[in-house]
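A.B. asks: just a sequence and a predicted model for now, questions to come.
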Amino acid sequence: MSRLEDAVERLLAATTPLPLESVPIWEADGRVAAADVDAPGPVPHFPRPAMDGYVCHDADLRDASPGRPAILRITGAVRMGDLPGRGPGPGEAWSITTGAPLPERGDRILPVEAVRLAGDQVRVEQPPSGKTHIVTAGEAIREGAPLIRRGEVIRPAGAGALAACGVGTVRVHRRPRIALVSTGDELVDVTEAAAPLPRGRVFNSNAVTLGGLLRTLGCEVQYRGIVRDAPEELRAAFAALRDEFDVVLSTGGVSIGRHDAVHRTWLDLGAQRIVGRVDLKPGGPFFAGRLRDSWGVGLSGTPVACLAAFHLLVRPFFARLAGQRHAVRPLQQVTLADAIGRPTDRMRALWARTHPAESGRTMATVLDGDDVGDFASLLHATALVLIPPGSPPLPAGSRVTALLLDREEDRDRLVVTPPRPGPLVIGVVGESGSGKTTVIVDVVRRLAEDGIRVAAVKHAAHGFDLDREGSDSARVAGAGAALVVLAGPTETVLRITAPLRSPDHAAGLATLVAEQIWGELPALVLVEGFQHPSGPVITVGPQKPGAAAGEVLAAVLAVNGVNGQRLETELQRVSEAVRSRVRAGQAEWPR
């Protein structure tokens, strides 16, 4: 089997963009530009008024006042589409509409609401403002402005900009011509006459889904029906289609069963195999082969596997074939909202929904399909979370790579980084004055001696005074700055004018800041003072009434009631419990 990253790289390296053609601008939407196009001239190419009013001479208005109004005689008019004409002379004004060409004479537009109209005259009782209300040429598009770039998909606004500049045709790559074929004796095409289905038969959904996905990519797609699982039928179908289409895309028949003959059929027809089975679950059964100027591509027949391989392998292939500048969608490090409870021996692609968290992180909730089924669960997916082989079980909060399905291509390589464990978050709870801070200080000191990075959050329920009154940072915060950073020579303070609403919010913010500063996640976040109903906690002294703690990792007497060697023994015991939990988590991860 091929590694997923290697399979994508080989497929893209073997793919040549389709030939070029010129199309009318009316047909350019959705096509891939084959050359850069800059604006050949300004749009509009003439100056014009910004509003309805009167064009006149500024010199006639400079001394206007209520006692000595300027009276201008209306001697002409300009409307949109008219030739501009000579324009008003001294003491005259021409009426003009927004967007009409400015006449040769006149250097100011008087808005309609700024004048009083009396017969064929306008009366101006105030000197005009600094604005002339004249828009110069190029207001919409400056000459030389980049409109489209080679390899970009031309969108409606881009086509409109080209048309505004008078560009009537554009060079683009030819659209990929795709023959879509489904294989399998169990398949039935969706028609009114097809229902109800007999047992053992299923409706052909893959063709419908793939057809829609391919059309959104700008491909010309023809569905060529269902081919039964018989080598002679597959050979006849593929041989008939290979010279008519750029790609014959099939679903089903690419695994290693006795009836899976797609890959063998293409090889018998003389195709050069570029990619075979891929180390991917779901979606590993795969074939991509080139036969002269055409391609044969085979996907799994299982819908979730078919679609996973489409997004990871086939969409990049079609992007390169269509001539796009980039072939791979964005990859982003996201944080798992829930744990993944088993280790991974193959590259796993998990359908997920991404969403922002309060702390600013991008969270990913894996859609497991338990409630609605695997296929139904992916209907709301916005990402594929990629877990490489050799990964241990992942706790909630782990950082993983996700391919974003709602974004356009921005790169040419698929690089899946190893997951990183989220920090162990431990709450430290107890009554006020019980010595929670003493416990935190001791744990931080002992773990720091072992090289374990620790972040700490203190919940100041009654507020605190960060700056002295009147200091620069206090004044900036008091003025309404939502975020103030105090950067000193030995430390940096981050002041955010927003409350932390929960232990998870506090821990998430601490993790985000630590990652930005250290370039890695902390191993441990100690959150002091919150009532923490889930996750491990250290209890210090008697607990507040009604406090429902989760797992009690360690319990210690109130520090103010213990001293000497006993206090040292208690603190060491707490630190050992924390260290053991941190080390146990780290031991599961490959170095």
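C.D. replies: Arrived safely, thanks for sending.
A.B. asks: can you pull the pLDDT of the nearest residue to R361 once chain neighbours are set aside?
C.D. replies: Leaving out its chain neighbours, the residue that sits closest to R361 by Cβ to Cβ, 6 or more residues apart in numbering is T335, at 4.7 Å. C-beta: built from backbone N, CA, C; applies to glycine. On pLDDT, T335 comes in at 91.
A.B. asks: so T335 sits in a strand?
C.D. replies: Yes - T335: assigned to a strand according to DSSP: H, G, I helix; E, B strand; the rest coil.
A.B. asks: low-confidence ranges in the protein?
C.D. replies: Along the chain, the model assigns pLDDT under 70 to residues 192-194, 358-359, 459-468, 482, 497-506, 530-534, 545-550, 588-591.
A.B. asks: residue nearest the middle of it, spatially speaking?
C.D. replies: Nearest to the mean C-alpha position of the chain, by Cα atoms, centre = their mean, lies R407 at 5.0 Å.
A.B. asks: residue contacts, the residue nearest to it when sequence neighbours are not counted?
C.D. replies: Among residues not flanking R407 along the chain, P330 sits closest, at 4.7 Å (Cβ to Cβ, 6+ apart). For P330, the contacting residues are 403-404, 407, 410-411, by Cβ atoms under 8 Å, 6 or more residues apart in numbering.
A.B. asks: which of these fall in strands?
C.D. replies: 403-404 (DSSP state E).
A.B. asks: most neighbours out of the contacts of P330, which is it?
C.D. replies: Within those, most neighbours by other Cβ atoms under 10 Å means L403, with 22 neighbours.
A.B. asks: gap between stretch 136-146 and the chain center?
C.D. replies: Offset of stretch 136-146 from its chain centre (Cα atoms, centre = their mean, to the nearest Å): 31 Å.
A.B. asks: pull the residues that contact that stretch.
C.D. replies: 36-48, 147, 161, 164-165.
A.B. asks: return a PyMOL selection command for the buried portion of those.
C.D. replies: Buried residues among those (16 or more other Cβ atoms under 10 Å), as a PyMOL selection:
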select buried, resi 37+39+42+43+44+48+147+161+165
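A.B. asks: narrow the contacts of stretch 136-146 to those in helices?
C.D. replies: The helices, defined by DSSP state H, take in 161, 164 from the contacts of stretch 136-146.
A.B. asks: looks to me like A448 is in a strand.
C.D. replies: No - remark: A448 does not belong to a strand; assigned using three-state DSSP, it is helix.
A.B. asks: correct me, but it touches A455?
C.D. replies: No - contact criterion Cβ atoms under 8 Å: A448 and A455 do not qualify, at 11.5 Å.
A.B. asks: neighbour count winner among the two?
C.D. replies: Counted by other Cβ under 10 Å, A448 and A455 do not tie: A455 has more neighbours, with 24 against 11.
A.B. asks: who does that one bridge with?
C.D. replies: V525 (DSSP bridges).
A.B. asks: right, and it touches A523 too?
C.D. replies: No - here A455 lies out of contact with A523, judged by Cβ under 8 Å, at a distance of 9.1 Å.
A.B. asks: report the set of residues contacting both of the two.
C.D. replies: P423.
A.B. asks: could I get the full set of helices for the chain?
C.D. replies: Counting by DSSP H, the helices of the chain are 4-13, 156-164, 206-216, 231-241, 262-268, 303-309, 315-321, 374-377, 436-449, 472-478, 503-518, 564-587.
A.B. asks: could you dump the ones you listed into CSV and include distance to D120?
C.D. replies: Formatted as CSV, those follow (distance: least, Cβ to Cβ, whole Å):
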stretch, distance to D120
helix 4-13, 72
helix 156-164, 37
helix 206-216, 60
helix 231-241, 76
helix 262-268, 83
helix 303-309, 72
helix 315-321, 64
helix 374-377, 73
helix 436-449, 86
helix 472-478, 60
helix 503-518, 69
helix 564-587, 88
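A.B. asks: contacting residues for A510?
C.D. replies: Contacts of A510 by Cβ under 8 Å, 6+ apart are 455-457, 522, 525.
A.B. asks: once you drop chain neighbours, what's closest to it?
C.D. replies: Nearest residue to A510 in three dimensions, chain neighbours excluded: A455, at 4.3 Å (Cβ to Cβ, 6+ apart).
A.B. asks: for that neighbour, give me its contacts.
C.D. replies: 423, 510-511, 513-514, 522, 524-526.
A.B. asks: show me the beta-bridge partners of the residue lying closest to Q222 once chain neighbours are set aside.
C.D. replies: Distances taken as Cβ to Cβ, 6+ apart place A179 nearest to Q222, at 5.7 Å, with adjacent residues excluded. Beta-bridge pairing for A179 (DSSP bridges): Q222, V248.
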